[in-house]
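> Quick check, what structure comes out for this input:
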Amino acid sequence: MAITFQYANPHFKLKSAANYKRWIKTVIHQHQKKVGAIHYRFASDEEVLSLNIQFLNHATYTDIITFDTCEGNTINGDIIISTERVKENANQLKLPFEEELRRVIIHGILHLCGYKDKSKPDRQRMRSAEEVALTQFIEF
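So this is what the prediction gives:
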């Protein structure tokens, strides 16, 4: 199985896709799950908004949409990320773009691992898991 990255914006590409793949696999294994077919698409605000309206009936911009197709313990899914929204969020939070991007990338994986974020306790649990995962990213 594989983790793939697709880029809708020709001006954006992950700096080291191999590092991201290793990191994602590590986080999945730490949650006692197996890596299946995981597809990331880095898209525009408008593309993500369109998907949000079409599939989730939400007419709002968002940084990420995760489509879960997991089978048992095997993590499968499509994760669509608005690089525009991530950039705007990073600016508002006064964080480097790459740091916020990593948070969003792993946020999708954590959803596929079973984490939720609709209630305050769930959001706190998700944020805690994100923080742990972020400390494990290693740039080479």
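
> shouldn't Trp23 be in contact with Ile109?
No: the pair Trp23 / Ile109 is not scored as a contact, 9.4 Å apart, by C-beta atoms under 8 Å. From N, CA and C alone the C-beta is placed, and that goes for glycine too.

> any idea which residue sits dead centre in this structure?
The C-alpha lying nearest the average C-alpha coordinate of the chain belongs to Ile105 (C-alpha atoms, centre = their mean; 2.7 Å).

> thought Asp68 was touching Gly77?
Yes: the pair Asp68 / Gly77 is scored as a contact, 5.0 Å apart, by C-beta under 8 Å.

> Please enumerate the shared neighbours of the two.
Common neighbours of Asp68 and Gly77, using C-beta atoms under 8 Å, 6 or more residues apart in numbering, are 111-112.

> Who has more neighbours out of these two?
Counted by other C-beta atoms under 10 Å, Asp68 and Gly77 do not tie: Gly77 has more neighbours, with 18 against 13.

> Next, give phi and psi for the more buried one.
Phi and psi for Gly77, reported as degrees, to the nearest 10, are phi 170, psi 170.

> Identify the residues contacting it.
Shown in contact with Gly77 (C-beta under 8 Å, 6+ apart): 38-39, 66-70, 108, 111-112.

> Could you identify the most distant pair in the residues you listed?
Pairwise distances across those peak at 14.2 Å for His39 and His111 (criterion: C-beta to C-beta).
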